[in-house]
Each structure stands twice: as C-alpha cells, then as structure tokens.
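# Based on what follows, work out the 3D shape:
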Amino acid sequence: MGSLPGLPIYFNLVIRQQPLQSRTCGVGDKVDRRPIDPPLIIELQMHNGYHQLLLPEEYMTDLFMTAVLVPAARTTTTSSSTQQQVDLSLHSQLTVGRTVSSLYLFKDLDYIPKCFFVFSDLSIRVEGRYRFQLSLFQIQG
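Residues are numbered from 1 along each chain as shown. You can find the predicted model right below:
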C-alpha cells in the first residue's frame with residue numbers, strides 16, 4: 001500500500017471493540033434486525049519508516065475494510081483465489097447489513113484524532129460460533 005517519498009508506510013490494526021455474543025435476526029419476510037452489540041470497531045494506525053504515527057488524511061478516501069463472518073473453528077490456510085471467493089460468498093449469507101466500512105477520523109477518549117473502521121449495522125442470521133475475517137483495501141488509480 002502507498003508510501004511517502006522514499007519511506008514505506010506500515011499499517012497496524014487494533015481491535016478496539018468487539019462483540020462476544022449476539023442474538024440472531026430472523027430470515028425470510030419478517031427480518032427482525034438485531035445489530036450486534038457492541039459493534040465491531042477497528043483502529044488503523046499508520047507508521048512511517050521512523051515509526052512515527054501518521055494521520056492518513058491523504059488516504060481517507062482510499063482505504064476501506066471488509067468484515068466477513070466465518071466459523072470460529074476455521075483455520076487460516078492458503079487456498080486459491082477462486083476458492084476464497086466461493087468461501088466469502090457463502091459466509092456473506094451469514095450476515096445482514098453493511099460488511100464494508102470506510103475510514104473515519106474521530107477523536108479518541110484522549111481527544112487525539114485517530115482513524116477507525118466501524119461496523120455498526122451488522123446482524124447475524126444463523127446461530128453458531130463465529131469470528132470476523134477482516135480485510136484492508138486501498139483503492140488505486
């Protein structure tokens with residue numbers, strides 16, 4: 001992902017808030033939306049080659065994150081991109097709501113501006129034990 005002139009940029013993702021359990025919402029004609037509570041919140045920290053924290057104003061519109069629900073027992077393995085696309089499409093049926101978040105700049109509890117991805121509109125359709133698979137993307141061009 002991007003870099004400043006002559007220096008690479010390093011990304012660090014910090015889970016600031018995550019749900020431990022949630023109620024499922026209905027399926028079919030009468031979907032009873034029950035968003036997960038508390039919502040999943042991820043902090044994005046960016047560092048330059050000197051490990052100085054950067055505020056990514058120039059990346060605010062270029063970065064986004066996806067959160068896909070996957071079974072908790074699933075281990076991360078390397079597979080073909082076609083298999084990963086099939087897996088993601090099947091797992092996207094486990095949720096209702098927005099699984100994509102733009103980057104937001106908010107003041108943290110210490111009043112310092114920080115960057116966050118917030119997934120406040122996610123509901124779970126199927127009962128089970130899950131975890132979120134997060135992917136960070138940058139739009140180029």
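
# Need the pLDDT of Leu44.
Predicted confidence (pLDDT) at Leu44: the value is 91.

# Check which element follows whichever strand or helix holds Ser101 along the chain.
Ser101 belongs to strand 100-102 when elements are defined using DSSP states H and E. Next along the chain after strand 100-102, taking DSSP H and E as the criterion, comes strand 104-107.

# average model confidence for that following strand?
If you average the per-residue pLDDT over strand 104-107, you get 90.

# packing partners for it?
strand 113-119 (3 or more C-beta pairs under 8 Å, 6 or more residues apart in numbering; DSSP states H and E). C-beta: built from backbone N, CA, C; applies to glycine.

# centre of the chain versus the strand it packs on, how much separation?
For strand 113-119, the distance between its averaged C-alpha position and the chain's averaged C-alpha position is 10 Å (C-alpha atoms, centre = their mean, to the nearest Å).

# Kindly report the same for stretch 53-70.
Here stretch 53-70 shows a centroid-to-chain-centroid distance of 9 Å under the convention C-alpha atoms, centre = their mean.

# Would you mark the buried spots in it?
Neighbour-count burial for stretch 53-70, counted by 16 or more other C-beta atoms under 10 Å, picks out 54, 56, 59, 63, 65-70.

# Give me the distance between the two termini of it.
Between the opening and closing residues of stretch 53-70 we find a distance of 32 Å, counting by C-alpha to C-alpha, to the nearest Å.

# what comes into contact with it?
Stretch 53-70 is touched from outside by 2, 9, 40, 42, 44-48, 87-88, 91-92, 94-95, 99-103, 105, 113, 115, 117, 119, 122, 124, 130-140, with contacts defined as C-beta atoms under 8 Å, 6 or more residues apart in numbering.
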